[in-house]
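Asks: okay, predicted coordinates and the sequence, questions at the end:
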Amino acid sequence: MLKKIFKFISSILAAKHLYITKSLEYFDKKDLFLDLNMDYVRYRTLELCMSEIKKKGIQGNMAEVGVYKGSFSEKLNKIFPDRKLYLFDTFEGFDVKDIVVEKENNYSTGDQDFSDTSVEFVLSRMKNRENCIVRKGFFPATAEGLEDKFCFVSLDADLYQPILAGLEYFYPRLEPGGYIFIHDFNNQQYVGARDAVIKFCSANGLGFVPIPDIGGTAIISK
């Protein structure tokens, strides 16, 4: 019920170009790509980070690990229509190998069903479909042979092992000034996400910024 009320209020504010925080008041309307929605903090932070990438002329393409139905990838594809977007997912739900790690470490039950999606459904949502590159299967095996640099990466695979693998793979390939968003860092349903971030950052002397969005995202910048 609270989500429905928030969404209703948000839609009214969006229609009147009113913002909950002053951090977006300096934007021209033409620079606001995303509609106001229930996860205000996550999407407004994305917009601000993308604005910095553009202002600084940071090169590189984009990627998401854990695409599911493509709601977040759709936003990336819209904001940067001229950059490649790599979509990493099984498109069939969690892989059994990752579920084993979850259960052995009491990170999560791993029994959530994310199989109600498909490659075609995700691509049908993309405004700039020609720039989307699907990497279907088990990550990080699906990244083999990929030679690219990145300005933005979203890690939304929920589970410890693919998130850790995503950080290990993408951070060395992240352009200076680029960003990695790690979803579920402060989500008690997937506590392995937090462990993966802390382990990677501790091992590499890195910091991160947690933000108070619905999924408890953490952000790493290079």
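Replies: Perfect, thanks for sending it.

Asks: count the neighbours of residue 53 for me.
Replies: Burial of residue 53 is recorded as 21 neighbouring residues (other Cβ atoms under 10 Å). Where C-beta positions appear, they are placed from N, C-alpha and C, glycine not excepted.

Asks: now the helices for the chain?
Replies: In the chain, the helices defined using DSSP state H lie at 2-15, 40-56, 71-79, 96-104, 119-124, 160-170, 191-204.

Asks: so which of those helices is the most packed in?
Replies: For these, the largest average neighbour count (mean count of other Cβ atoms under 10 Å) is found in helix 160-170, namely a mean of 23.

Asks: residues touching that helix, excluding its own?
Replies: For helix 160-170, the external contacting residues (Cβ atoms under 8 Å, 6 or more residues apart in numbering) are 63, 65-66, 95, 97-98, 101-102, 105, 107, 139-140, 143, 150, 153, 155, 157, 180, 182, 192-193, 195-197, 199-200, 220.

Asks: so what's the residue nearest the centre of the chain up against?
Replies: In the chain, the residue lying closest to the centroid (Cα atoms, centre = their mean) is residue 154, at 2.9 Å. Neighbour list for residue 154: 62-66, 72-73, 76, 180-181, 183 [criterion: Cβ under 8 Å, 6+ apart].

Asks: check residue 196 too.
Replies: Residues near residue 196 by Cβ under 8 Å, 6+ apart: 160-161, 163-164, 167, 182.
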